[in-house]
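In: the following comprises the amino acid sequence and a computationally predicted model.
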Amino acid sequence: MSGDPSDNSHRHSRVLIDATPVLGQRSGIGRYTAALLRELATRADVDITVTAFTARGQRALRAAAPPGVAVRGGPVPARALRVLWRRVSWPPTELLAAEADVLHATNFVLPPAKRARGVVTVHDLAFLDRPELLDPRQRDLPDLLRRSVARAAVVCTPSGAVARQVARRLDIPAERIVVTPLGVDPAWSSTGPPSPALRATLGLPRRYLLFVGAAQPRKGLDVLLDAHAAHPGLAPLVLAGPAGWGPTPAASSRVHPVGYLDEADLRSVVAGAAVLVLPSREEGFGLPVLEAMAAGVPVVCSDLPALREVAGGLATLVPPEDPAALATALADVDGAGRDPVGAAARQAHAARYTWQACAQATVHAYRKARDRPADSRDNGDERTRYL
């Protein structure tokens, strides 16, 4: 730390965090938000308060917040807020929740604020070109995102791939972007395969391929099901994840949907898989890939910039939306088995991604936002070229 008295990087920051994604069944964004909150709650250089922009769930938010973390705000009509924030900079978060030095929007949409400097996490930009990948209830997201990044002092991204997209597609200078890679809990590397009781409860086959994710178009589950159906020699397929807005796959003798799993059961199911497969059309990070690697499990995933970055050359990459190539890769990887050398390499790679490092990078983003000169912050209402 610098001894220069003009260096205020060590100054304590009050941060208000939108924790709405931790409510209900958690997707990857919900798990990211929950893990980040846990880490930030242990730090002495930030004082965090959480809020949720929802008409329901305030009691659940208090239960989900880390011990000692303040919860502010009350029931608010989320849909009405999105309509307002898409058009005007009102109401500000100070009116809805609390005063802060920094406001962190963890899920694309940065609300307006009177004084707090804005930080917004942009997880991917697939929906800008392919709005059909969005939940129909979220079709306003492209407009909200453009307003959000325009009013933000700093934009966080989970990968360098998304950072480059944000800079190019949204015309954001590199100095306003901070990459905050996601992490893997150490428990992923020590969890064993499912117990006989869990296998019986979930109806797991003895050997299985595994998909982890919501049933939504972006995840390419339809491509995986086509590939699997066309090649009966493949091991049975287990599908784990929350409900999405795509078609719900039907259970059969070869396809086993197990639904949403809590963290401990998910780790066991991943650890017992022969192969983890993520056939996404687009990804901003690909947390299931990293978590499977932490468990030593071989991975087959789409050849996308973010997944290449996260996998570090240790996954089998296939072209997106190519069922034949996907089936061939799954057969080859499953047939090769899980060799100890490959498993150790995957675990060593995944161990470099920690939630502590994610929190540290995020605090750096908070400091950049807090210390950015007021007259250099762009005003979302004036960036009319994005509206």
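Out: Arrived safely.

In: strands of the stretch 201-350 of the chain, start to end?
Out: Taking DSSP state E, counting those that start in this stretch as the test, the strands found in the stretch 201-350 of the chain are 209-212, 237-240, 255-259, 275-278, 299-302, 316-318.

In: can you list these in TSV and add distance to residue 173, mean pLDDT and mean neighbour count?
Out: (C-beta placed from N, C-alpha, C; glycine too.) As requested, the strands of the stretch 201-350 of the chain are exported to TSV (distance: least, CB to CB, whole Å; pLDDT from 0 to 100; neighbours: other CB atoms under 10 Å):
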stretch	distance to residue 173	mean pLDDT	mean neighbour count
strand 209-212	35	98	25
strand 237-240	40	97	22
strand 255-259	43	96	17
strand 275-278	32	98	26
strand 299-302	30	98	26
strand 316-318	31	98	20
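
In: residue contacts, residue 184?
Out: When contacts are counted by CB atoms under 8 Å, 6 or more residues apart in numbering, residue 184 touches 290-291, 294, 350-351, 353-355.

In: could you measure from residue 331 over to residue 231?
Out: 7 Å (CB to CB, to the nearest Å).

In: now do the contacts for residue 249.
Out: So residue 249 contacts 215, 221, 225, 239, 255, 257 (CB under 8 Å, 6+ apart).

In: name the nearest residue to the last one, sequence neighbours excluded.
Out: In space, residue 257 comes closest to residue 239 once its chain neighbours are excluded; the distance is 4.5 Å by CB to CB, 6 or more residues apart in numbering.

In: state the distance from that neighbour to residue 270.
Out: Distance, residue 239 to residue 270, using CB to CB: 13 Å.

In: could you list the low-confidence segments of the chain?
Out: The model of the chain has pLDDT under 70 over residues 1-11, 374-387.

In: now with 50, please.
Out: For the chain, the stretches with pLDDT under 50 are 1-7, 376-387.

In: for the helix ranked longest in it, buried residues please.
Out: Using DSSP state H to define each element, the chain has its longest helix at helix 355-371. For helix 355-371, burial by neighbour count (16 or more other CB atoms under 10 Å) applies to 355, 358-359, 362-363, 365-370.

In: and which of the residues you listed is nearest residue 151?
Out: residue 369 (11.4 Å; CB to CB).

In: what's near enough to touch that closest one?
Out: 102, 117-119, 152-154.

In: ok, which pair from those is furthest apart?
Out: 102 and 152 (10.6 Å).

In: quick check: neighbours shared by these two?
Out: Residues touching both residue 102 and residue 152 (CB under 8 Å, 6+ apart): 118-119, 369.

In: first-to-last residue distance for stretch 64-76?
Out: Start to finish, the residues bounding stretch 64-76 are 18 Å apart (CA to CA, to the nearest Å).

In: and it, how far out from the chain middle?
Out: Put simply, stretch 64-76 sits 21 Å off its chain's centre (CA atoms, centre = their mean, to the nearest Å).

In: before we move on, back to that, please convert the shared contacts of residue 102 and residue 152 to TSV, extending it with distance to residue 106.
Out: Below are these laid out as TSV (distance: CB to CB, whole Å):
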residue	distance to residue 106
118	12
119	9
369	14
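
In: closest one of those residues to residue 36?
Out: Nearest to residue 36, judged by CB to CB, of these is residue 119 at 11.7 Å.

In: make a PyMOL selection of whichever of the contacts of residue 184 turn out to be buried.
Out: Here is the PyMOL command that picks out the buried ones among those, judged by 16+ other CB under 10 Å:
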select buried, resi 290+291+294+350+353+354+355
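
In: for the contacts of residue 184, could you give me TSV that also reports distance to residue 135?
Out: TSV is the format used below for those (distance: CB to CB, whole Å):
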residue	distance to residue 135
290	24
291	24
294	29
350	29
351	34
353	28
354	31
355	27
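
In: in helices only, show me the contacts of residue 184.
Out: Using DSSP H, the contacts of residue 184 in helices are 290-291, 294, 350, 355.

In: please enumerate the helices of the stretch 201-350 of the chain.
Out: 221-230, 263-271, 287-294, 305-311, 323-336, 340-350 (DSSP state H, counting those that start in this stretch).

In: restricting to C-alpha, output the fourth one in PDB.
Out: Extracted in PDB, the C-alpha atoms of helix 305-311 (Å, rounded to 0.1, in the frame of the first residue of the first chain):
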ATOM      1  CA  PRO A 305     -14.300 -17.500 -26.600                       C
ATOM      2  CA  ALA A 306     -15.300 -17.500 -22.900                       C
ATOM      3  CA  LEU A 307     -15.300 -21.300 -22.600                       C
ATOM      4  CA  ARG A 308     -11.900 -21.500 -24.300                       C
ATOM      5  CA  GLU A 309     -10.600 -19.000 -21.800                       C
ATOM      6  CA  VAL A 310     -12.000 -20.700 -18.800                       C
ATOM      7  CA  ALA A 311     -11.200 -24.300 -19.800                       C
END
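
In: what is the distance between that helix and the centre of its chain?
Out: What separates the centre of helix 305-311 from the centre of its chain is 14 Å, taken as CA atoms, centre = their mean.

In: that one packs against which elements?
Out: Counting by 3 or more CB pairs under 8 Å, 6 or more residues apart in numbering; DSSP states H and E, the packing neighbours recorded for helix 305-311 are helix 160-170, helix 287-294, strand 299-302, strand 316-318.

In: the second one versus helix 263-271: what angle between them?
Out: Read that as helix 287-294. Following axes from the mean of the first three to the mean of the last three CA atoms, to 10 degrees, one obtains 70 degrees for the angle between helix 287-294 and helix 263-271.
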